[in-house]
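Peer 1: Everything below, folded, please.
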Amino acid sequence: MTAPVIEIRGLCTRFDDVLVHQGIDLDVAAGQILGLVGGSGSGKTTLLREIVGLLAPSAGSLKLFGQTMLDADPERGRAVRRRFGMLFQQGALFSAFSVFDNIAFPLRELRTLDEAMIRDLVLLKLAMVELEPRHGSLMPAELSGGMVKRVALARALSLEPELLVFDEPTAGLDPDLAESFVRLIKLLQRELGFTVVMVTHDLATLKGLATRLAVLADKKIIACGTAEEVLAVDHPFIHNFFGSGHSAAITGQEAS
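Peer 2: Okay, here's the model as predicted:
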């Protein structure tokens, strides 16, 4: 049996006297698009930071691609980190770098590619996110919100990751731009086959992208499965977040 891309067991997170997570268990299989939802302060972004190694949990185990991240030696840790990319909520582009140099940054960090190869790869990534070569000379301050998202996605894809982690991927976009960005991610995921874990509160984004949902409440994952399976769980947060009037928006079924 193939190991999950992400395997979490008994994860606990504590900041001084504040307990954020208590006994989280979660598996994410290759090729899945998991939508992680939860209330404000439930620890969604904290869990993302732990998945990508920016924060160590207080207890429990967390594996990426079958590798334990918490005690990984530096070389093994770098090898695992090259297998995933992250799209931050506001894009997190380097403001002093051009679009080209933002996308080239992870490639140059490898120190194994010459500039001609890097140029070809950057132009390829621009094309993948439906931007043109001329956009490479622009600075982040010159970009629209939608273009920032696409450049950040191109940078996240620069090392051809097997896993992409998104924090509110459509935040700040109007409905038309959000729908277009969701279509782009879905097309790329279908073509490239990467796994996705995303935090979002937007039901349209969940419906457009997620193949599975995980609900974080009461300091743990209270439900994980298809939209229909999650909506069948009797919990106040699920009732409030999805609601009877919103269930059709996530399942595609008409509300009764």
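Peer 1: Work out the gap between the longest helix along the chain and the centre of the chain.
Peer 2: The helix spanning the most residues in the chain, taking DSSP state H as the definition, is helix 175-192. With C-alpha atoms, centre = their mean, to the nearest Å as the basis, the distance from the averaged C-alpha position of helix 175-192 to the chain average is 13 Å.
Peer 1: likewise stretch 113-126?
Peer 2: Once both centres are worked out by C-alpha atoms, centre = their mean, stretch 113-126 turns out to sit 24 Å from its chain's centre.
Peer 1: what does it contact?
Peer 2: Contact partners of stretch 113-126, identified using C-beta atoms under 8 Å, 6 or more residues apart in numbering, comprise 99-100, 103-104, 107-108, 132-133, 135-136, 154-155, 157-158. From N, CA and C alone the C-beta is placed, and that goes for glycine too.
Peer 1: now, which of those residues sits nearest residue 46?
Peer 2: Taking C-beta to C-beta as the measure, residue 46 lies nearest residue 155 of those, at 23.1 Å.
Peer 1: State the number of residues packed around the closest one.
Peer 2: 26 (other C-beta atoms under 10 Å).
Peer 1: That one falls within a helix, correct?
Peer 2: Yes. Inclusion of residue 155 in a helix is indicated when DSSP: H, G, I helix; E, B strand; the rest coil is applied.
Peer 1: For it, which non-adjacent residue is closest in space?
Peer 2: Excluding its sequence neighbours, the residue lying closest to residue 155 (C-beta to C-beta, 6 or more residues apart in numbering) is residue 103, at 4.9 Å.
Peer 1: quick one: average pLDDT of the helix or strand containing the one you found?
Peer 2: Assignment of secondary structure by DSSP states H and E places residue 103 within helix 99-110. What helix 99-110 shows for mean pLDDT is 93.
Peer 1: In terms of secondary structure, what does that helix contact?
Peer 2: Using 3 or more C-beta pairs under 8 Å, 6 or more residues apart in numbering; DSSP states H and E as the contact criterion, the neighbours of helix 99-110 among helices and strands are helix 115-128, helix 145-156.
Peer 1: which one of those lies closest to residue 63?
Peer 2: Between residue 63 and the helices and strands packed on helix 99-110, the shortest separation by C-beta to C-beta is 21.3 Å, and it involves helix 145-156.
Peer 1: list the helices and strands the very next helix or strand once past the closest one packs on?
Peer 2: Past helix 145-156, further along toward the C-terminus, the next helix or strand under DSSP H and E is strand 163-167. The helices and strands touching strand 163-167, judged by 3+ C-beta pairs under 8 Å, 6+ apart, are helix 44-51, strand 84-87, strand 195-199.
Peer 1: low-scoring pLDDT stretches of the chain, where are they?
Peer 2: Along the chain, segments meeting pLDDT under 70 span 1, 69-72, 244-256.
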